[in-house]
Every structure is written in structure tokens, then in C-alpha cells.
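Asker: Okay, predicted coordinates and the sequence, questions at the end:
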Amino acid sequence: MDSRRLTDDHPTARLPDHPTTQLPDHPTTQLPDHPTTQLPDHPTTRLPDYPTTRPPDYPTTRLPDYPTTRPSDYPTTRLPDHPTTRLPDYPTTRLALPSIALLPHVHGVGGMVSFRHRFAAGLTRRGYRVAASLDEPDVAAALVIGGTRDLPALWRARRRGVRIVQRLNGMNWLHRKRPLGLRHSLRAEYGNWLLNTIRTRLADYIVYQSEFSRRWWERVYGPAPVPSSVVYNAVDLDVYRPGIREQGTGIRDWGLGPNPQSLIPNPQS
């Protein structure tokens with residue numbers, strides 16, 4: 001169906017016109033005029049003019065001019081020299097150092113006894129304590145001077161972590177050059193076995209007394225499986241001084257003959 005046709009057929013409906021209603025005019029109410037109240041004028045009070053007082057002029061006083069004195073014109077007075085008071089030397093408290101054991105325990109006279117005594121005195125001067133036994137709990141190191149028969153104590157100390165240092169010189173050799181009897185030979189070979197067992201199985205470090213001793217041990221028993229070094233015996237210069245020769249101190253004066261080297265064994269033999 002056509003939408004335009006539907007529009008043309010139906011007339012539009014218009015609403016009727018209604019009259020408008022106007023509100024009445026109300027008269028405005030004006031507020032009355034009240035008279036204004038003016039405050040009275042009060043006279044102002046003025047302070048009196050006081051005369052200013054000026055302080056009197058005092059005459060200025062000038063200090064007299066004193067002659068200047070140079071420091072060098074005065075004689076210098078030197079204080080007397082008092083003796084200085086030195087504080088007493090109090091012992092210093094040092095941390096406790098680990099103990100060191102020295103083996104074997106030997107007494108009497110001889111090279112090993114003298115070396116052990118001097119070495120222990122040197123450790124004490126440096127603050128170390130020389131342990132009386134290898135089984136003490138604070139032992140940190142042990143020096144075996146040659147050898148010792150107490151191999152179980154060395155083995156226990158090694159298991160605890162104690163560092164074992166062996167000082168080696170020579171070995172028993174005279175029984176190999178001349179017959180000295182079965183008993184002496186067995187004791188000599190047993191001593192060599194103890195020395196070499198400590199050298200190869202228990203020691204952590206080897207200190208040879210001389211280069212001759214090191215070559216001798218390595219030629220007979222082979223090189224040691226641990227590090228080593230050569231440390232010669234020290235000389236007390238307060239007793240033995242080079243360049244000073246006194247009567248009766250030479251090798252010839254001891255009756256050793258013109259060739260004392262003949263008393264030293266040949267390492268090649």
C-alpha cells in the first residue's frame with residue numbers, strides 16, 4: 001500500500017485554543033525608612049610634648065703611649081731539666097699460641113740433647129709452649145729430632161691433624177763397614193728402620209741437617225714422598241767469631257791429624 005495515499009486520506013487533528021490565565025498584579029510593599037543614628041564625635045586626647053634629654057658630652061680619655069718592648073729584649077728563662085719518669089713495662093697479653101711437642105724425650109749430654117734444649121728455649125722466648133706429651137689436646141705440631149720408638153703416638157697425632165716435622169742427620173752405618181756383632185747390627189738396622197718409617201709414612205715435612213745427609217738418605221732409601229729442605233745448624237757468633245784464632249782451638253791441636261775429612265763416611269760407599 002502507498003504510504004503517501006494514507007496521509008492524504010486522513011485529516012490531521014488540531015487541538016483547540018485555550019485562553020491563557022494571567023496572574024493578578026500584587027502591590028509591592030516598601031519597607032519604611034529608619035533614621036540613621038550617628039555616633040557622637042569624641043575629642044581626641046594628645047600626649048604632651050616632653051623635652052628630649054641629651055646625654056652630656058664626656059671628654060674622651062686616651063691611653064698613654066707606652067714604649068713597645070720586643071720579646072728578644074727579655075732574658076729567656078730555661079726550665080730545669082727534670083728526669084723523665086718512665087712507665088713500668090707491663091707484660092703484654094698475647095693470644096695463646098698452639099703447643100709444639102718435641103720428640104724424643106732425651107736427657108744427659110750429646111748433640112741431640114743440646115739441640116733439643118736450645119730449640120725448646122727458643123720456642124719459649126717466642127711465646128710457644130713446649131708440650132710434655134704428644135697426646136695433649138692443644139698440640140698443633142711435633143718436631144721429631146731423628147726418630148722415636150713411640151710410633152703409635154705419632155700415628156694418633158697424625159690422625160688428629162697434628163703436623164709432624166722430622167729433622168734428619170745421618171744413619172747408622174759403622175756396622176756395615178766392620179763387624180760389630182749381631183746384637184749391635186740388629187739394633188743399628190732397627191734404628192734405621194724407625195728413622196725411615198717416620199720419614200716415608202708419618203712425617204709431613206723433612207728437614208735435613210745438610211745436603212750431604214739428604215743425598216745419603218735418598219741414595220740408600222729413595223726420595224721421601226713429602227716436601228723437604230736443608231737447614232744447617234746455626235753458629236753462636238758470641239762464642240765462635242770468624243777471623244779470630246786462639247791458641248789451642250785448631251783441628252790440628254785436637255790431634256785429629258792433617259786430614260780430618262777421613263773421619264766422615266763416603267756417601268758413595
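Answerer: Looks like it came in fine. Numbering: from 1, shown residues only.
Asker: Name the SS class of Y58, please.
Answerer: Using DSSP: H, G, I helix; E, B strand; the rest coil, the three-state assignment for Y58 comes out as coil.
Asker: how near is it to R159?
Answerer: Distance, Y58 to R159, using C-beta to C-beta, to the nearest Å: 104 Å. Backbone N, C-alpha and C define where each C-beta goes, glycine included.
Asker: Paired strands for the strand or helix carrying I100, with orientation please.
Answerer: In the assignment (DSSP states H and E), I100 maps to strand 99-103. Looking at strand 99-103 with DSSP bridges, its partner strands are strand 129-131 (parallel), strand 139-145 (parallel).
Asker: Could you dump these into JSON lines with mean neighbour count added?
Answerer: Formatted as JSON lines, the strands paired with strand 99-103 follow (neighbours: other C-beta atoms under 10 Å):
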{"stretch": "strand 129-131", "mean neighbour count": "17"}
{"stretch": "strand 139-145", "mean neighbour count": "20"}
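Asker: Could you give the bridge partners of Y205?
Answerer: V165.
Asker: show me the contacts for it.
Answerer: Y205 is in contact with R163, I164, V165, Q166, V226, P227, S228, S229, counting by C-beta atoms under 8 Å, 6 or more residues apart in numbering.
Asker: got CSV for those residues, with neighbour count too?
Answerer: Listed next are the contacts of Y205 as CSV, based on neighbours: other C-beta under 10 Å:
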residue, neighbour count
R163, 16
I164, 21
V165, 16
Q166, 26
V226, 16
P227, 9
S228, 17
S229, 9
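Asker: Looking at those residues, which is nearest W155?
Answerer: Nearest to W155 among the contacts of Y205 is I164, at 9.8 Å by C-beta to C-beta.
Asker: which of the residues in stretch 185-199 are buried?
Answerer: Going by neighbour count (16 or more other C-beta atoms under 10 Å), the buried part of stretch 185-199 is A188, N192, L194, L195, N196, I198, R199.
Asker: hmm, back to that, who wins for proximity to G110 among the strands paired with strand 99-103?
Answerer: When these are compared (using C-beta to C-beta), the closest one is strand 139-145, at 11.1 Å.
Asker: So what's the model's average confidence on that closest one?
Answerer: Mean per-residue pLDDT for strand 139-145: 94.
Asker: now the strands: where do they sit in the stretch 151-269 of the chain?
Answerer: 163-168, 205-208, 228-230 (DSSP state E, counting those that start in this stretch).
Asker: Turn those strands into JSON lines, including mean pLDDT and distance to H175.
Answerer: Formatted as JSON lines, the strands of the stretch 151-269 of the chain follow (pLDDT from 0 to 100; distance: least, C-beta to C-beta, whole Å):
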{"stretch": "strand 163-168", "mean pLDDT": "95", "distance to H175": "19"}
{"stretch": "strand 205-208", "mean pLDDT": "96", "distance to H175": "22"}
{"stretch": "strand 228-230", "mean pLDDT": "96", "distance to H175": "26"}
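Asker: Same list (the ones you listed) but as TSV, adding distance to A142.
Answerer: Formatted as TSV, the strands of the stretch 151-269 of the chain follow (distance: least, C-beta to C-beta, whole Å):
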stretch	distance to A142
strand 163-168	5
strand 205-208	11
strand 228-230	17
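Asker: Tell me which residues are up against stretch 216-228.
Answerer: By C-beta under 8 Å, 6+ apart, the residues outside stretch 216-228 that reach it are 168, 170-171, 196, 199-200, 203-208, 214, 267.
Asker: Check which residues of that stretch are buried.
Answerer: Neighbour-count burial for stretch 216-228 flags W216, W217, A224, V226, S228 (criterion: 16+ other C-beta under 10 Å).
Asker: if we take these, which one ends up nearest to P104?
Answerer: Nearest member of these to P104, counting by C-beta to C-beta, is W217, at 19.1 Å.
Asker: ok, the closest one to S229 distance?
Answerer: W217 is 13 Å from S229, where distance means C-beta to C-beta.
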